[in-house]
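Undergrad: What shape does this take:
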Amino acid sequence: MIRLKDIAEKAGVSVMTVSKALRDAKDISVKTKARIRQLALEMGYVPDAMAQSLRTRSTRLLGVLIASSTNPIFSRTLMALEEWGFQLGYEILVSHSLNQPDREETCIRRMLARRVDGLFVAPVYRFEQTAPIYEELKRQKTPVVILGRRAPFCGSFPSVEVDEIAASKGLTDHLIGNGHRRIAFFSGPQVSPSAQDRLEGYKRALRDADIEFDDRLVYSAGSTIDEGAKAAAQFIDEGCGATAVQCVNDLVAVGAGNVFLNQGVRVPDDISLTGFGNILTSEHYRVPLTTARQPKFRMGAQAMELMQAMIRHEQVKNRLLSAELALRQSSGPAPKKA
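TA: Numbering: from 1, shown residues only. Okay, here's the model as predicted:
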């Protein structure tokens, strides 16, 4: 293992000079720094991260806790966090909660044991107003940025959120503008604030258009392709007469669309279909999906900006990002009455 002493002997300078050069100290000339760094590179020197963390009281580690990296919404956000973290000299530790509160707490504690400088958390939502692990993070003054919608149990931490009410309302407005008056909504989990915001956006659009809200047109669809398919099968069986279906996310919309198309229901000729999120699949689906573009990469970049400000002990404010509509072939004019 190459030590600072070995580089100093090779360069003909003191160990202190080598240390300062590698730390980019101001009292070492540019020429000396370049020569020492080149020698360190040629000799295969690897800095001792543990020793550096003891000196600076910073591990240069940031933790990221998400439900699952297979979720297409999180993958882009994670990419942004890793890209910006790399440029800023941070290593990113990633853990998956799998939407299990107990696992979430264990993952957070393991990251704290690694002395991370801060945490990015996509929380596991629950109906309880408080959660012990978040109270502990608050007491320890750990820098935490919430990825997505805050809930009461994590409401004291800054967040990067998407204005999902406005985006969902925009999707419903689009359908109403195409002549649809009976619009079904395939809703997400009640415990999810984001799912409830998207339902609220739908309701607001109906209210603004003087269309009476009918709870019989709201179907519980969860958040997955399979759950979307089940909701679509129920929708067809009940024959509610809706000419459009607005889904809580793109995965639900894909599941619903598969059932419609497989049973001979034409999209959008017989029924218009929208999602939410703009995952990659939505643009390349059997009928390209009208949806709301969640700014997933920008969300990660904004979260890293918040984290850096918190580490510098600066005052921070929540970031609310807009989601633009992506209008594609799955939505169109309401079918004319025979």
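Undergrad: from here on, contacts and neighbour counts on C-alpha atoms
TA: OK.
Undergrad: residues in contact with V116?
TA: S58, T59, R60, L61, L62, G63 (C-alpha atoms under 8 Å, 6 or more residues apart in numbering).
Undergrad: Mind doing that once more with 7 Å?
TA: T59, L61, L62, G63 (C-alpha atoms under 7 Å, 6 or more residues apart in numbering).
Undergrad: How much space separates it from R216?
TA: Remark: distance between V116 and R216 (C-alpha to C-alpha, to the nearest Å) = 48 Å.
Undergrad: Also R103?
TA: 36 Å.
Undergrad: Give me the more crowded residue out of these two.
TA: It is R103, of R103 and R216, that has more neighbours when counted by other C-alpha atoms under 10 Å, with 15 against 10.
Undergrad: What ranges does the stretch 151-300 of the chain have for its strands?
TA: 159-162, 183-187, 218-220, 244-247, 272-274, 291-293 (DSSP state E, counting those that start in this stretch).
Undergrad: quick one, domains of this protein?
TA: With domains defined by automatic domain parsing, the chain comprises 4-47, 56-157, 164-294.
Undergrad: Tell me which of the ones you listed approaches M304 most closely.
TA: Of all these, it is domain 56-157 that lies closest to M304, at 6.4 Å by C-alpha to C-alpha.
Undergrad: quick one: that closest one to chain centroid distance?
TA: Relative to the centre of its chain, domain 56-157 is centred 11 Å away, using C-alpha atoms, centre = their mean, to the nearest Å.
Undergrad: Turn the domains of the chain into CSV, including mean pLDDT and distance to Q308.
TA: As requested, these are exported to CSV (pLDDT from 0 to 100; distance: least, C-alpha to C-alpha, whole Å):
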stretch, mean pLDDT, distance to Q308
domain 4-47, 85, 20
domain 56-157, 93, 9
domain 164-294, 97, 23
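Undergrad: and among these, the most buried is which?
TA: Highest mean neighbour count among the domains of the chain (mean count of other C-alpha atoms under 10 Å): domain 164-294, with a mean of 20.
Undergrad: L78 sits in which helix or strand?
TA: helix 72-87 (DSSP states H and E).
Undergrad: what packs against that helix?
TA: Counting contacts by 3 or more C-alpha pairs under 7 Å, 6 or more residues apart in numbering; DSSP states H and E, helix 72-87 packs against helix 296-311.
Undergrad: elements contacting the helix it packs on?
TA: Counting by 3+ C-alpha pairs under 7 Å, 6+ apart, helix 296-311 packs on helix 72-87, strand 159-162.
Undergrad: now those as TSV including distance to A309?
TA: Below are the helices and strands packed on helix 296-311 laid out as TSV (distance: least, C-alpha to C-alpha, whole Å):
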stretch	distance to A309
helix 72-87	14
strand 159-162	13
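Undergrad: Of all the ones you listed, which one is nearest V248?
TA: Closest among these, using C-alpha to C-alpha: helix 72-87, at 13.2 Å.
Undergrad: which one is S68 nearest to, not counting chain neighbours?
TA: H96 (5.2 Å; C-alpha to C-alpha, 6 or more residues apart in numbering).
Undergrad: Next: N258.
TA: A229 (7.1 Å).
Undergrad: gap between the one you found and G118?
TA: In terms of C-alpha to C-alpha, A229 sits 39 Å off from G118.
Undergrad: same check, this time on L171
TA: L171 is 36 Å from G118, by C-alpha to C-alpha.
Undergrad: and what of L273?
TA: Counting by C-alpha to C-alpha, the gap from L273 to G118 is 40 Å.
Undergrad: what's the answer for R319, then?
TA: The separation that R319 has from G118, given C-alpha to C-alpha, amounts to 18 Å.
Undergrad: Include distance to M16 when you put the strands of the stretch 151-300 of the chain into a markdown table, please.
TA: Below are the strands of the stretch 151-300 of the chain laid out as a markdown table (distance: least, C-alpha to C-alpha, whole Å):
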| stretch | distance to M16 |
| --- | --- |
| strand 159-162 | 42 |
| strand 183-187 | 63 |
| strand 218-220 | 66 |
| strand 244-247 | 62 |
| strand 272-274 | 63 |
| strand 291-293 | 52 |
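Undergrad: picking up where we left off before, need the contact list for the residue nearest to N258.
TA: G255, A256, V259.
Undergrad: same thing with L147?
TA: L147 neighbours (C-alpha under 7 Å, 6+ apart): F120, V121, A122, S159, V160, E161.
Undergrad: How about the first one: which residues does it bridge to?
TA: Under the criterion DSSP bridges, F120 forms beta bridges with V64, V145.
Undergrad: That one: what's it in contact with?
TA: G63, V64, L65, V144, V145, I146, L147.
Undergrad: again, but for the fourth one
TA: S159 makes contact with V145, I146, L147, G148, R150, N318, R319 under the criterion C-alpha under 7 Å, 6+ apart.
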